[in-house]
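K.L.:
Predicted model and sequence below, questions to follow.
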Amino acid sequence: MVNVLGIVIMVILVALSLICGRFDFSFQSEGWKIPGACLLVLLTLFPHELLHAVCFRRDVYLYTNLMQGMLFVVGPETMSKSRFIFMSLLPNLVFGLLPYLAGMIFPNRMMLLMAGILGLGSGAGDYYNVFNAVTQMPHGARTYL
């Protein structure tokens, strides 16, 4: 379900980029930008988790199982609903929204646009956690991750 959400997000962002005239399908002289953006997103996977980790006040544990494509952080403390939402969204803002906006503002930065699209789409699991927090956590509740 989360993978489908990620694909839907990326399709919407590509469509928005096309409507705004920022997405360029002519890869004649710059065909390396799509693979370059994919590599850039892969290189941000570990820093993405580090940004989650800095939102914890105490101990934090990084779990990796790259064979199954899993990389995530957990901590033994509880956190408020707002802090949990911030912790969930922070890496997606830094590695997704900022590059996407830069690519939309500067049309000659196609690689940033693509990295932003891929980065925002790959954050679908975090958006799902935020959705659950917003819809299921009452005011004043604390969560444990």
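P.N.:
It's in.
K.L.:
And for whichever helix in the chain runs longest, what's in contact with it?
P.N.:
Across the chain, the longest stretch assigned as helix under DSSP state H is helix 2-19. Where contact means CB atoms under 8 Å, 6 or more residues apart in numbering, the residues beyond helix 2-19 that reach it are 23, 100, 103-104, 113, 116-118, 120-125, 127-128. Where C-beta positions appear, they are placed from N, C-alpha and C, glycine not excepted.
K.L.:
Let's see that with 10 Å instead.
P.N.:
Contacts made with helix 2-19 from outside it, assessed by CB atoms under 10 Å, 6 or more residues apart in numbering, are listed as 22-25, 96, 100, 103-104, 107, 110, 113-114, 116-129, 131.
K.L.:
average model confidence for it?
P.N.:
Helix 2-19 carries an average pLDDT of 88.
K.L.:
In it, which residues are buried?
P.N.:
5-6, 9-10, 13-14, 17 (16 or more other CB atoms under 10 Å).
K.L.:
Any idea which helix or strand in this protein has the lowest mean pLDDT?
P.N.:
Least confident helix or strand, the chain: helix 33-43 with a mean of 78, by mean pLDDT, DSSP states H and E.
K.L.:
and after it, which helix or strand comes next?
P.N.:
The C-terminal neighbour of helix 33-43 among helices and strands, as given by DSSP states H and E, is helix 45-53.
K.L.:
low-confidence ranges in the chain?
P.N.:
Regions of the chain meeting the criterion pLDDT under 70 cover residues 23-33.
K.L.:
Hmm, Lys81 and Ala141 touching each other?
P.N.:
Yes. Taking contact to mean CB atoms under 10 Å, the distance of 5.8 Å between Ala141 and Lys81 places them in contact.
K.L.:
Looking at the two, which one has more neighbours?
P.N.:
Neighbours were counted for Ala141 and for Lys81 using other CB atoms under 10 Å; Lys81 has more, 18 against 12.
K.L.:
returning to that earlier point: what do Ala141 and Lys81 both touch?
P.N.:
Ala133.
K.L.:
How about Lys81: what's its closest non-neighbour residue?
P.N.:
By the measure of CB to CB, 6 or more residues apart in numbering, the closest residue to Lys81 outside its immediate chain neighbours is Met137, 4.7 Å from it.
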